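>>> Need a 3D model of the sequence below.
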Amino acid sequence: MGSYKLDYLDQLESEAIHIFREVAGQFERPALLFSGGKDSIVLVHLALKAFRPGKFPFPLVHVDTGHNFQEALDFRDYLANKLGEKLIVRKVEDTIKAKGLTEQKGKLPSRNGLQTYTLLDTIEEFEFDACIGGARRDEEKARAKERIFSVRDEFGSWDPKLQRPELWNTYNGKINKGENVRVFPISNWTELDIWNYIRREKIELPSIYFAHEREVLEFDGRLVATNEFIQLIDTDVVSRKVVRYRTVGDMTCTAAVESTASTLDDIINEIIATNTSERGQTRIDDRVSEAAMEDRKKNGYF
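Numbering: from 1, shown residues only. Okay, the predicted model is just below:
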């Protein structure tokens, strides 16, 4: 009898499907955070493999900051409707009004910090005990040290010094009332793994990930799409360039990269040649401090 071996994408897929099924087995009210970005789209694809022909044992949930790219929002709605899965959307704008929160000022005002309030309110509203997300360890050093099952206290806070061991793919989801767990099925994937998997599985994506012409502001060595939330002044350098997005967050904190990559093969070759992570190259909010992401996580951020 010949030996049977999985290639590395099969191994990553198998691990992620196992994690999804662990969530379904261990938690009563899980949710899958879905933004219409490439990582959450891959999560939905993996959930299909884990649970079809049945329905997902959780809703899709999006915390809409109001600063999202329209391409991602349109794809979010399209995919949820195509699959017939429940989509819950909660808006940061509503939280700002209800809680009297103060928005960030300045040239590129971000709502990244404020979306934590909306996320925690949504978890409380629906009593979610687990939230599945598309964070990966290769993105940023705070995410690199976070477990696949990341326990948060009743305030949504993460303590990096109180993490559970995960030996032999064994995940402990036991929590006390009020606590919840953030789950990262593709934590061990890299950006290149994601794109190779998208190519292999022929997964649909929003057009924003491929080369297109867009008006951008040249700011601090980054290319930021001009939009109604940016405070432009006369000395700003604005031009039209052919760009694409490696990662899709808010318009005010996510930069584009100059690129002519219009196919999956082009993108994969481009990623192989780069020596900068996607967040390192494009996420302005991560440059606030060396510990910007970890500080947000400690305050309840995903």
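>>> List of residues touching stretch 163-172?
For stretch 163-172, the external contacting residues (Cβ atoms under 8 Å, 6 or more residues apart in numbering) are 15, 18, 19, 22, 26, 145, 146, 147, 148, 149, 150, 151. The C-beta positions use only the backbone N, C-alpha and C, and glycine is treated the same way.
>>> Could you pull up the residues touching the nearest residue to residue 86 once chain neighbours are set aside?
Ranked by Cβ to Cβ, 6 or more residues apart in numbering and with sequence neighbours excluded, the top spatial neighbour of residue 86 is residue 59, at 4.1 Å. Going by Cβ under 8 Å, 6+ apart, residue 59 touches 31, 32, 85, 86, 87, 88, 126.
>>> which one of those residues is nearest residue 63?
Nearest to residue 63 out of the contacts of residue 59 is residue 88 (Cβ to Cβ; 9.6 Å).
>>> phi, psi of that closest one?
As for residue 88, its main-chain torsions (degrees, to the nearest 10) stand at phi -110, psi 130.
>>> can you pull the contacts of it?
So residue 88 contacts 31, 59, 60, 61, 62, 122, 126 (Cβ under 8 Å, 6+ apart).
>>> Could you report the neighbour count for residue 58?
Close neighbours of residue 58, defined as other Cβ atoms under 10 Å, add up to 22.
>>> Quick one, grab the pLDDT at the closest residue to it other than its chain neighbours.
The shortest distance from residue 58 to any non-neighbouring residue, by Cβ to Cβ, 6+ apart, is to residue 30 (4.3 Å). Residue 30 carries a pLDDT score of 97 in this model.
>>> Over to residue 256?
Listed pLDDT for residue 256 reads 90.
>>> give me the beta-bridge partners of it?
Applying DSSP bridges to residue 256 gives these bridge partners: residue 223.
>>> from what I can see it touches residue 216, true?
Yes. With contact defined as Cβ atoms under 8 Å, residue 256 reaches residue 216; the gap is 6.1 Å.
>>> any residues in contact with both of the two?
Common neighbours of residue 256 and residue 216, counting by Cβ under 8 Å, 6+ apart, are 223, 224, 225, 241, 243.
>>> In the residues you listed, find the pair that's most separated.
Farthest apart among these by Cβ to Cβ are 224 and 241. That separation is 11.3 Å.
>>> Who has more neighbours out of the two?
Shown here are residue 224 and residue 241; by other Cβ under 10 Å, residue 224 has more neighbours (22 against 15).
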